[in-house]
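Enquirer: Predicted model and sequence follow; I will ask about them next.
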Amino acid sequence: MKNRYAVQTTIQTAVSFSGVTLHAGTTVTLCLRPAAANTGIVFERLDIALPRLARRVSVSVDALIETNLCTRIGNEHGVTVSTIEHLMAALAGCGIHNALVTLDGPEVPILDGSARPFVESFLRAGIRRLPEPLTAIRVRRPVEVRMAEARARLDPAPELSIAFEIDFPDRAIGHQKLELPLRNGAFVRELCDSRTFCRQSDVESMRAQGLARGGSYDNAVVVSGARVLSPGGLRHPDEPVRHKMLDAMGDLAVAGAPILGRYSGHRAGHTLTGRLLRRLLADPANYERVPVDAKTAPFLPGVGICDADLHAAA
């Protein structure tokens, strides 16, 4: 019998979000709409005076633009969309493969700094199965990239798992390490509510570069030494490393298909994970595209998620 989870999906009904953007500090409205099978995730900038197709950017490794503090994509017409990582993580974690995302600005709203608001809306809207088979990317051999002390790696594994390690001088963060398999709603339960974070000492530097203009205690965890400055403290004792894993989930989703493999990151960020994906897909010996079947489907992140998974993250 054909497994009902071995097919592509989209969102059941449209959902909208409005809020400030993290880096530009402007208010943007974003709407995510159902899309046909084999569309993938496509962004459309409504604020740009170009023909509709020219102002669209399809998520892919080829569309990646290297930046240090967010994930950014663009097309040949110079249209870009920034800070897509939390939305992409939510889509991947909920097992949504096709959607049209319209927005009236250059950057995705930061909301509360996590992926939870997106996940909540997706679960309320529902997920529709489409009558087209789903393909996954299976890692066949180890691939690794390094930058100074940072490294990111993909190894063969039957399912997506993420292992991450960070080390900060601030005692509020310190050394944190965690590994999780991401099947059966684990992203929703364990990672989706973890917020972006920064050190107070870095805030002035980022703003001097024209970044983090929309950052606040409402959408980021800010630390200074042993203190968490954001009201309410941490949602998890190890929320920073969980957020890095959330970011990695979103960056891996740029591949355009679920990944079957073990990702490990040490002090890694968006740039390094993007380079890792490029290296993986540059050599056909590194990976294979495999049809998702009844045996593979239970290992995918979005299979079997429900409201109870979200409540477990509360």
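Expert: Noted; the coordinates are in hand. Numbering: from 1, shown residues only.
Enquirer: Going along the chain, name the helices of the stretch 1-150 of the chain.
Expert: 85-93, 116-125 (DSSP state H, counting those that start in this stretch).
Enquirer: Ends of stretch 232-244, what's the gap?
Expert: 20 Å (Cα to Cα, to the nearest Å).
Enquirer: can you list contacts of that stretch?
Expert: For stretch 232-244, contacts defined as Cβ atoms under 8 Å, 6 or more residues apart in numbering pick out 114, 164-166, 168, 173, 176-178, 190-191, 193-197, 221, 228, 265, 268. Using the backbone N, CA and C atoms, a C-beta is placed for each residue, glycine as well.
Enquirer: same question for it, mean pLDDT?
Expert: Per-region confidence: stretch 232-244 scores 96 on mean pLDDT.
Enquirer: from the helices of the stretch 1-150 of the chain, which stretch is densest packed?
Expert: helix 85-93 (a mean of 28; mean count of other Cβ atoms under 10 Å).
Enquirer: Next, the angle from it to helix 116-125.
Expert: Put simply, helix 85-93 runs at 40 degrees to helix 116-125, going by axes from the mean of the first three to the mean of the last three Cα atoms, to 10 degrees.
Enquirer: got the CA positions of helix 85-93 in CSV?
Expert: Extracted C-alpha coordinates of helix 85-93, given in CSV (Å, rounded to 0.1, in the frame of the first residue of the first chain):
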residue,chain,number,x,y,z
GLU,A,85,16.0,30.8,7.9
HIS,A,86,13.3,30.7,10.6
LEU,A,87,10.5,30.4,8.0
MET,A,88,12.4,27.8,6.1
ALA,A,89,13.0,25.8,9.3
ALA,A,90,9.3,25.9,10.2
LEU,A,91,8.4,24.7,6.7
ALA,A,92,10.9,21.9,6.8
GLY,A,93,10.0,21.0,10.4
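Enquirer: just checking, what packs against it?
Expert: Applying 3 or more Cβ pairs under 8 Å, 6 or more residues apart in numbering; DSSP states H and E, we find helix 85-93 packed against helix 116-125, helix 239-252.
Enquirer: by contact count, what packs against the helix or strand hosting T273?
Expert: Using DSSP states H and E, T273 sits in helix 270-282. Contact here means 3+ Cβ pairs under 8 Å, 6+ apart; on that basis helix 270-282 packs against strand 64-65, strand 135-139, strand 143-147, strand 150-155, helix 239-252, strand 262-266.
Enquirer: nearest to G304, of those?
Expert: Proximity to G304 (Cβ to Cβ) singles out strand 135-139 among the helices and strands packed on helix 270-282, at 16.4 Å.
Enquirer: What strands flank that closest one, and is each parallel or antiparallel?
Expert: strand 259-260 (parallel), strand 287-291 (antiparallel) (DSSP bridges).
Enquirer: Pick the most deeply packed of the ones you listed.
Expert: Of the strands paired with strand 135-139, the one with the most neighbours on average (mean count of other Cβ under 10 Å) is strand 259-260, at a mean of 24.
Enquirer: Not counting its own residues, what contacts that one?
Expert: Defining contact as Cβ under 8 Å, 6+ apart, one finds that strand 259-260 is touched by 136-139, 154, 157-160, 252, 290, 296, 299.
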